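**Student:** have a look at this prediction, sequence included:
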Amino acid sequence: RLHRTVRRRERAAARMAVETALAEVERQMSVFHPASEISQFNAAPADTPIEISEGFAQVVRFALDLAERSGGAFDPTVAPLVELWGFGPHPRPSRPPSDDEVAAAREAVGFERIVWEGPRRLAKRHPQTRLDLNAVAKGYAVDRVAVALEELGLRHFFVEVGGEIVTRGRRPGGGPWRIGVDRPVPGAPPGADLQRVLRLNDAAVATSGDYRNIL
(Lines give C-alpha, C1' and ligand atoms only; values in the text may rest on other atoms or scores of the structure.)
Protein backbone atom coordinates (compact mmCIF):
# COMPACT_ATOMS: atom_id res chain seq x y z
CA ARG A 1 0.00 0.00 0.00
CA LEU A 2 2.87 2.37 0.84
CA HIS A 3 4.44 1.67 -2.56
CA ARG A 4 1.19 2.50 -4.33
CA THR A 5 0.87 5.73 -2.34
CA VAL A 6 4.40 6.76 -3.28
CA ARG A 7 3.71 5.98 -6.93
CA ARG A 8 0.56 8.09 -6.86
CA ARG A 9 2.52 10.96 -5.32
CA GLU A 10 5.21 10.66 -7.99
CA ARG A 11 2.64 10.72 -10.76
CA ALA A 12 0.88 13.70 -9.18
CA ALA A 13 4.20 15.55 -8.84
CA ALA A 14 5.08 14.81 -12.46
CA ARG A 15 1.67 15.95 -13.66
CA MET A 16 1.96 19.17 -11.66
CA ALA A 17 5.46 19.83 -13.02
CA VAL A 18 4.27 19.37 -16.61
CA GLU A 19 1.19 21.55 -16.15
CA THR A 20 3.19 24.29 -14.41
CA ALA A 21 5.86 24.38 -17.14
CA LEU A 22 3.30 24.52 -19.95
CA ALA A 23 1.18 27.14 -18.19
CA GLU A 24 4.23 29.38 -17.81
CA VAL A 25 5.11 29.15 -21.51
CA GLU A 26 1.49 29.81 -22.45
CA ARG A 27 1.41 32.85 -20.14
CA GLN A 28 4.50 34.17 -21.88
CA MET A 29 4.02 33.31 -25.55
CA SER A 30 0.44 32.39 -26.46
CA VAL A 31 -0.98 34.76 -29.08
CA PHE A 32 -4.42 33.32 -28.28
CA HIS A 33 -4.49 34.85 -24.78
CA PRO A 34 -4.88 38.65 -24.58
CA ALA A 35 -3.13 38.78 -21.20
CA SER A 36 0.00 36.89 -22.31
CA GLU A 37 3.31 38.71 -22.52
CA ILE A 38 3.47 38.40 -26.29
CA SER A 39 -0.08 39.76 -26.68
CA GLN A 40 0.77 42.72 -24.47
CA PHE A 41 3.89 43.41 -26.51
CA ASN A 42 1.96 43.13 -29.77
CA ALA A 43 -0.65 45.62 -28.51
CA ALA A 44 1.94 48.13 -27.30
CA PRO A 45 2.61 51.35 -29.25
CA ALA A 46 5.72 51.70 -31.36
CA ASP A 47 8.94 52.79 -29.62
CA THR A 48 7.56 51.83 -26.21
CA PRO A 49 9.91 49.37 -24.45
CA ILE A 50 8.19 46.50 -22.63
CA GLU A 51 9.82 44.61 -19.75
CA ILE A 52 9.56 40.88 -20.44
CA SER A 53 10.38 37.71 -18.52
CA GLU A 54 13.66 35.86 -18.97
CA GLY A 55 11.96 32.86 -20.63
CA PHE A 56 10.20 35.05 -23.17
CA ALA A 57 13.40 37.02 -23.77
CA GLN A 58 15.35 33.81 -24.34
CA VAL A 59 12.96 32.65 -27.07
CA VAL A 60 12.85 36.10 -28.70
CA ARG A 61 16.66 36.23 -28.77
CA PHE A 62 16.77 32.79 -30.37
CA ALA A 63 14.12 33.73 -32.96
CA LEU A 64 15.80 37.01 -33.91
CA ASP A 65 19.20 35.33 -34.18
CA LEU A 66 17.70 32.64 -36.42
CA ALA A 67 16.03 35.34 -38.53
CA GLU A 68 19.34 37.14 -39.00
CA ARG A 69 21.31 33.98 -39.77
CA SER A 70 18.68 32.86 -42.30
CA GLY A 71 18.58 36.24 -44.01
CA GLY A 72 14.93 36.63 -43.06
CA ALA A 73 13.80 33.24 -44.39
CA PHE A 74 12.62 32.68 -40.84
CA ASP A 75 10.94 35.79 -39.43
CA PRO A 76 9.13 35.96 -36.06
CA THR A 77 7.28 39.14 -37.12
CA VAL A 78 5.07 37.42 -39.71
CA ALA A 79 2.01 37.70 -37.42
CA PRO A 80 0.27 40.35 -39.59
CA LEU A 81 0.47 38.04 -42.62
CA VAL A 82 -0.38 34.91 -40.62
CA GLU A 83 -3.48 36.61 -39.24
CA LEU A 84 -4.43 38.01 -42.66
CA TRP A 85 -4.63 34.46 -44.01
CA GLY A 86 -6.64 33.30 -41.00
CA PHE A 87 -4.06 31.19 -39.15
CA GLY A 88 -3.84 33.41 -36.06
CA PRO A 89 -6.12 33.97 -33.07
CA HIS A 90 -8.88 35.62 -35.10
CA PRO A 91 -11.63 33.88 -37.12
CA ARG A 92 -10.65 32.72 -40.58
CA PRO A 93 -11.67 35.04 -43.41
CA SER A 94 -14.31 34.02 -45.93
CA ARG A 95 -12.04 34.98 -48.83
CA PRO A 96 -8.30 35.19 -49.59
CA PRO A 97 -6.72 38.59 -48.87
CA SER A 98 -6.33 41.08 -51.68
CA ASP A 99 -2.96 42.16 -53.05
CA ASP A 100 -3.41 45.54 -51.35
CA GLU A 101 -4.11 43.89 -47.98
CA VAL A 102 -1.03 41.70 -48.32
CA ALA A 103 1.11 44.71 -49.27
CA ALA A 104 -0.16 46.67 -46.27
CA ALA A 105 0.56 43.78 -43.90
CA ARG A 106 4.07 43.38 -45.30
CA GLU A 107 4.86 46.96 -44.27
CA ALA A 108 4.76 45.80 -40.63
CA VAL A 109 6.79 42.63 -41.20
CA GLY A 110 10.55 42.49 -40.72
CA PHE A 111 12.61 41.18 -37.83
CA GLU A 112 14.76 44.34 -37.91
CA ARG A 113 11.72 46.22 -36.59
CA ILE A 114 12.18 44.47 -33.22
CA VAL A 115 14.86 46.10 -31.05
CA TRP A 116 16.32 45.57 -27.60
CA GLU A 117 16.37 48.53 -25.22
CA GLY A 118 17.98 46.46 -22.46
CA PRO A 119 18.60 42.80 -21.50
CA ARG A 120 14.85 42.21 -21.09
CA ARG A 121 13.34 45.39 -22.55
CA LEU A 122 11.83 44.92 -25.99
CA ALA A 123 10.39 47.49 -28.39
CA LYS A 124 9.15 47.67 -31.97
CA ARG A 125 9.65 50.36 -34.58
CA HIS A 126 6.34 49.96 -36.45
CA PRO A 127 2.98 50.19 -34.63
CA GLN A 128 1.51 47.18 -36.44
CA THR A 129 4.54 44.89 -36.04
CA ARG A 130 3.60 41.81 -34.04
CA LEU A 131 5.55 38.79 -32.88
CA ASP A 132 4.48 35.21 -33.58
CA LEU A 133 6.77 32.67 -31.90
CA ASN A 134 4.64 29.59 -32.61
CA ALA A 135 7.41 28.13 -34.79
CA VAL A 136 9.80 27.92 -31.83
CA ALA A 137 7.73 28.29 -28.64
CA LYS A 138 6.47 24.69 -28.65
CA GLY A 139 10.04 23.42 -28.89
CA TYR A 140 10.95 25.62 -25.94
CA ALA A 141 7.90 24.28 -24.08
CA VAL A 142 8.90 20.63 -24.42
CA ASP A 143 12.43 21.52 -23.31
CA ARG A 144 11.01 23.22 -20.19
CA VAL A 145 8.86 20.17 -19.44
CA ALA A 146 11.89 17.89 -19.83
CA VAL A 147 13.90 20.04 -17.40
CA ALA A 148 11.02 19.98 -14.88
CA LEU A 149 10.79 16.18 -15.04
CA GLU A 150 14.56 15.78 -14.71
CA GLU A 151 14.49 17.98 -11.61
CA LEU A 152 12.07 15.44 -10.11
CA GLY A 153 14.65 12.72 -10.71
CA LEU A 154 12.92 11.15 -13.70
CA ARG A 155 15.30 9.70 -16.27
CA HIS A 156 12.99 7.89 -18.70
CA PHE A 157 10.19 9.82 -20.37
CA PHE A 158 8.65 10.95 -23.64
CA VAL A 159 7.26 14.49 -23.98
CA GLU A 160 5.13 15.62 -26.94
CA VAL A 161 3.49 19.00 -27.48
CA GLY A 162 1.83 19.56 -30.84
CA GLY A 163 4.32 17.41 -32.73
CA GLU A 164 7.41 18.64 -30.87
CA ILE A 165 9.00 15.67 -29.11
CA VAL A 166 11.76 15.24 -26.53
CA THR A 167 12.87 11.83 -25.26
CA ARG A 168 15.01 10.78 -22.34
CA GLY A 169 16.26 7.32 -21.46
CA ARG A 170 14.39 4.31 -22.76
CA ARG A 171 10.79 3.30 -23.27
CA PRO A 172 8.96 0.86 -20.92
CA GLY A 173 10.29 -2.63 -21.52
CA GLY A 174 13.63 -1.29 -22.76
CA GLY A 175 14.81 -0.14 -26.13
CA PRO A 176 14.69 3.29 -27.76
CA TRP A 177 11.53 5.35 -28.04
CA ARG A 178 9.84 4.81 -31.42
CA ILE A 179 8.40 7.79 -33.30
CA GLY A 180 6.23 7.28 -36.37
CA VAL A 181 6.53 9.99 -39.03
CA ASP A 182 3.40 10.24 -41.17
CA ARG A 183 3.65 10.15 -44.93
CA PRO A 184 2.24 13.53 -46.08
CA VAL A 185 -0.89 12.19 -47.76
CA PRO A 186 -3.83 14.65 -47.74
CA GLY A 187 -6.85 13.22 -45.98
CA ALA A 188 -5.04 10.26 -44.40
CA PRO A 189 -5.69 9.90 -40.65
CA PRO A 190 -2.67 10.18 -38.32
CA GLY A 191 -0.67 6.95 -38.16
CA ALA A 192 -2.40 5.32 -41.14
CA ASP A 193 0.60 5.58 -43.48
CA LEU A 194 4.07 6.01 -41.99
CA GLN A 195 6.98 7.39 -43.96
CA ARG A 196 9.49 6.18 -41.39
CA VAL A 197 9.87 5.04 -37.78
CA LEU A 198 12.55 6.90 -35.81
CA ARG A 199 14.26 5.34 -32.79
CA LEU A 200 15.44 7.94 -30.29
CA ASN A 201 17.40 7.99 -27.06
CA ASP A 202 18.01 11.34 -25.34
CA ALA A 203 17.07 13.26 -28.47
CA ALA A 204 14.40 15.53 -29.90
CA VAL A 205 12.50 15.64 -33.18
CA ALA A 206 9.77 17.71 -34.81
CA THR A 207 7.93 17.54 -38.11
CA SER A 208 5.71 20.08 -39.79
CA GLY A 209 3.46 20.26 -42.83
CA ASP A 210 0.40 21.97 -44.25
CA TYR A 211 -1.34 18.98 -45.83
CA ARG A 212 -3.92 18.81 -43.00
CA ASN A 213 -4.63 22.57 -42.96
CA ILE A 214 -7.84 23.46 -44.75
CA LEU A 215 -8.89 27.06 -45.39
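**Tutor:** On my side now, so go ahead. Remember, it's a predicted structure, so these values are computed and weren't measured experimentally.
**Student:** show the average pLDDT along the longest helix along the chain.
**Tutor:** Secondary structure assigned by DSSP state H gives helix 2-29 as the longest helix of the chain. Summarised as a single mean, pLDDT over helix 2-29 is 85.
**Student:** for that helix, list every residue counted as buried.
**Tutor:** 14, 17-18, 21-22, 24-25, 27-29 (16 or more other Cβ atoms under 10 Å). Heads up, the C-betas are built off the backbone N, CA and C, glycines and all.
**Student:** and after that helix, which helix or strand comes next?
**Tutor:** Downstream of helix 2-29, the next assigned helix or strand under DSSP states H and E is helix 37-43.
**Student:** and that next one, which residues are buried?
**Tutor:** Residues of helix 37-43 classed as buried: 37-39, 41-42 (neighbour count, 16+ other Cβ under 10 Å).
**Student:** could you do stretch 65-85 as well?
**Tutor:** 66-67, 74-84.
**Student:** just the ones of these in helices?
**Tutor:** Those of these mapping onto helices are 66-67, 79-84, per DSSP H.
**Student:** what's the closest of the residues you listed to Pro189?
**Tutor:** Among these, Val82 lies closest to Pro189 (Cβ to Cβ), at 26.4 Å.
**Student:** now do the contacts for the closest one.
**Tutor:** 88, 132 (Cβ atoms under 8 Å, 6 or more residues apart in numbering).
**Student:** swap in Pro34?
**Tutor:** Pro34 neighbours (Cβ under 8 Å, 6+ apart): Ala43.
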